[in-house]
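1. next come a sequence and a model predicted from it.
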Amino acid sequence: MLQIAFIRENQEKVIKALAKRNIDAKSVVEEVVKLDENRRAAQVELDNTLSESNKLSKDIGELMKAGEKAKAAILKEKTATLKEKSKELGEKAEALAVELTNKLYTLPNLPADIVPEGKTPDDNLNVFQEGDIPVLHEGAQPHWELVKKYDIIDFELGVKITGAGFPVYKGKGAKLQRALINYFLDKNTAAGYNEVQVPHLVNEASGYGTGQLPDKEGQMYHAGVDDLYLIPTAEVPVTNLFRDVILNESELPVLQTAYTPCFRREAGSYGAHVRGLNRLHQFDKVEIVRIEHPDKSYEALDGMVEHVKGILKELKLPYRVLRLCGGDMGFTSALTYDFEVFSTAQDRWLEISSVSNFETFQANRLKLRFKDKDGKNQLAHTLNGSSLALPRVLAGILENYQTPEGIVIPEVLRPYCGFDIIN
């Protein structure tokens, strides 16, 4: 959530920045500023009324001590009127504050200066590419055919149990999935991230804290009886570990990693591009989350990008890194880099990771602060990244490592798998 003081003092800057997201925010910004003015005016009037009431209460006490009950009675009538007025003003200020907060929730984060202009994924900027695209043998197949051939993932059985988008991993497929999770976690912890295990359901406050609510409410599975949400990413519970927390500056940076299943309704997704592992309702992901000093968050973002590069280099998968344009960025992000792996059998790039800096956007919602050297509380910067999302990484491995003899396991995963080929 954008800070109201910043909006108030930088209206034109906010409008111009949001235009990079292809949003005409002029009317909303003006409405936000007007609501804030009214809220502050109501608060000032409330404070003055309470001050006057407190002064009269002291005067009443003095008059009662002096035995001037008649004068005290007159003042008591005034305080009764002031109490009623202060109640009305308090309700008015609270209603304006709620309306202001709800309006602020509709404004996405401001893109960083280096975010490119653009409206669609076609306008994203390719900033890095590495790895040779393998030449496959004649008769090479996409992963949804390979998993049937080797009986390692069963999509139909998942439909029977739950529905489309909930695959069942079997045999070496299940072991390869577990191997990837352990490998990713080991890489992250070796890089200094602290591993945590977190709940897979969160409350509404957690959803609002990281910005999934109200923006992505329709994409989240909701357990209505208990008013809990299945997590779309470990980013939500991991970052919310620090909701309403004030850290000491010496505790920064905070680095966390977690494995969780993720649940997304993916409403409106259809077509050939969602076949197989390309788009699921339940999938596994290992996440990295950082809480940083504002002066160091972009250096940290670069470090996260390099970290994910290192993992893909070890897996020997061809990949590229995109800097997302304003029109393709997530609601909460100030700057996002997407990683895509090339799926040779599908002849297309598949997104496997997003690494983002949210600056103070999430921290403002979370009330996540740190005490600086002068003893003042400041909002921290939050960052997160997929390290990595498993389905499309697995699809890339199955397709790019296929041979006539079977699917060769990347060398770095063999100690985790206990086998070197699926055949």
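-> Nice, I can see it. Numbering: from 1, shown residues only.
2. where are the low-confidence patches of the stretch 201-350 of the chain?
-> By pLDDT under 70, the weakly predicted segments of the stretch 201-350 of the chain are 267-273.
3. now the strands for it?
-> Remark: strands of the stretch 201-350 of the chain, listed N- to C-terminal, are 201-202, 222-223, 228-230, 246-248, 254-263, 282-292, 319-323, 335-343, 348-359; assignment by DSSP state E, counting those that start in this stretch.
4. got a list of contacts for the third one?
-> Spelled out, it's strand 228-230. Outside strand 228-230, the residues that touch it by Cβ atoms under 8 Å, 6 or more residues apart in numbering are 200-204, 206-207, 212-213, 220-223, 263. No exception for glycine: its C-beta is placed from N, CA and C like everyone else's.
5. so who does the closest residue to residue 369 other than its chain neighbours touch?
-> Across the structure, with Cβ to Cβ, 6 or more residues apart in numbering as the measure, the residue nearest residue 369 apart from its sequence neighbours is residue 377 (4.5 Å). Residues in contact with residue 377 (Cβ under 8 Å, 6+ apart) are 246, 369, 370, 371.
6. can you give me the helices in the protein?
-> Applying DSSP state H to the chain gives helices spanning 4-9, 11-19, 26-65, 69-104, 143-150, 155-161, 171-190, 204-210, 235-240, 297-315, 361-366, 390-400, 414-417.
7. most neighbours out of the contacts of residue 377, which is it?
-> By neighbour count, taken as other Cβ atoms under 10 Å, the most surrounded of those turns out to be residue 370 (24 neighbours).
8. give me the distance between the closest residue to that residue other than its chain neighbours and residue 167.
-> Counting by Cβ to Cβ, 6+ apart, the nearest residue to residue 370 once its immediate chain neighbours are dropped is residue 247, at 4.3 Å. For residue 247, the distance to residue 167 equals 40 Å [Cβ to Cβ, to the nearest Å].
9. please say which of these two ends up with more neighbours.
-> Per other Cβ under 10 Å, whichever of residue 247 and residue 167 has more neighbours is residue 167, with 26 against 18.
10. which residues touch the more buried one?
-> Under the criterion of Cβ under 8 Å, 6+ apart, the contact list for residue 167 reads 153, 154, 155, 158, 277, 280.
11. please apply the same query to residue 71.
-> By Cβ under 8 Å, 6+ apart, the contact set of residue 71 is residue 63.
12. check residue 165 too.
-> Neighbour list for residue 165: 158, 266, 279, 280, 281, 282 [criterion: Cβ under 8 Å, 6+ apart].
13. quick check: phi and psi at the fourth one.
-> In this case it means residue 280. In terms of degrees, to the nearest 10, the main-chain angles of residue 280 are phi -120, psi 160.
14. coming back round to it: which one of the strands of the stretch 201-350 of the chain lies nearest to residue 136?
-> strand 335-343 (10.8 Å; Cβ to Cβ).
15. surely residue 18 meets residue 107?
-> Yes - using Cβ atoms under 8 Å as the test, residue 18 is close enough to residue 107 to be in contact (7.2 Å).
16. tell me which of these two has more neighbours.
-> Residue environment comparison for residue 18 versus residue 107 gives the larger neighbour count to residue 18, 22 against 19, counting by other Cβ under 10 Å.
17. following the record's annotation, map out the domains of this structure.
-> Using the TED database, the domains assigned to the chain come out as 4-105, 121-422.
18. endpoints of the shortest one, how far apart?
-> Spelled out, that is domain 4-105. Across its full length, domain 4-105 reaches 11 Å end to end, with Cα to Cα, to the nearest Å as the criterion.
19. cool, and the longest one?
-> Its first and final residues considered, domain 121-422 spans 35 Å by Cα to Cα.
20. got it, and stretch 250-257?
-> Chord length of stretch 250-257, first to last residue, is 20 Å (Cα to Cα).
21. just the residues contacting that stretch, thanks.
-> For stretch 250-257, the surrounding residues in contact (Cβ under 8 Å, 6+ apart) are 185, 188-189, 191-196, 238, 241-242, 247, 286-293, 296, 300, 370, 380, 387.
22. just the buried residues of that stretch, please?
-> Buried residues in stretch 250-257, defined by neighbour count with 16 or more other Cβ atoms under 10 Å: 252, 253, 254, 255, 256, 257.
23. can you tell me how far the second one sits from residue 352?
-> To residue 352, residue 253 is 24 Å away according to Cβ to Cβ.
24. over to the third one?
-> Computed as Cβ to Cβ, the residue 254 to residue 352 distance reads 25 Å.
25. kindly report the same for the fifth one.
-> Using Cβ to Cβ, residue 256 is found at 20 Å from residue 352.
26. repeat for the first one
-> For residue 252, the distance to residue 352 (Cβ to Cβ) stands at 29 Å.
27. can you check the fourth one too?
-> With the distance defined as Cβ to Cβ, residue 255 ends up 21 Å from residue 352.
28. who does residue 339 form a beta bridge with?
-> Using DSSP bridges, the bridge partners assigned to residue 339 are residue 321, residue 353.
29. what's across from residue 421 in the sheet?
-> The partner list for residue 421 in beta bridges (DSSP bridges) reads residue 408.
30. burial count for it?
-> 14.
31. my guess is it meets residue 411, correct?
-> No - Residue 421 is beyond contact range of residue 411, at 11.8 Å (criterion: Cβ under 8 Å).
32. how many residues are close by the closest residue to residue 287 other than its chain neighbours?
-> With Cβ to Cβ, 6+ apart as the criterion, residue 287 has its nearest non-adjacent residue at 3.8 Å, and that residue is residue 234. Each residue near residue 234 was counted by other Cβ under 10 Å, and the total is 26.
33. kindly report the same for residue 3.
-> Other residues near residue 3 number 15, with proximity taken as other Cβ under 10 Å.
34. from residue 155, how far out is the nearest residue to residue 320 once chain neighbours are set aside?
-> Spatial nearest neighbour of residue 320, chain neighbours left out: residue 129 (4.1 Å); criterion: Cβ to Cβ, 6+ apart. Shown here: residue 129 relative to residue 155, a distance of 31 Å by Cβ to Cβ.
35. so for these two, which residue has more residues nearby?
-> Taking neighbours as other Cβ under 10 Å, residue 129 and residue 155 compare with residue 155 leading, 18 against 12.
36. am I right that the more buried one is in contact with residue 144?
-> Yes - using Cβ under 8 Å, residue 155 is in contact with residue 144, at 7.2 Å.
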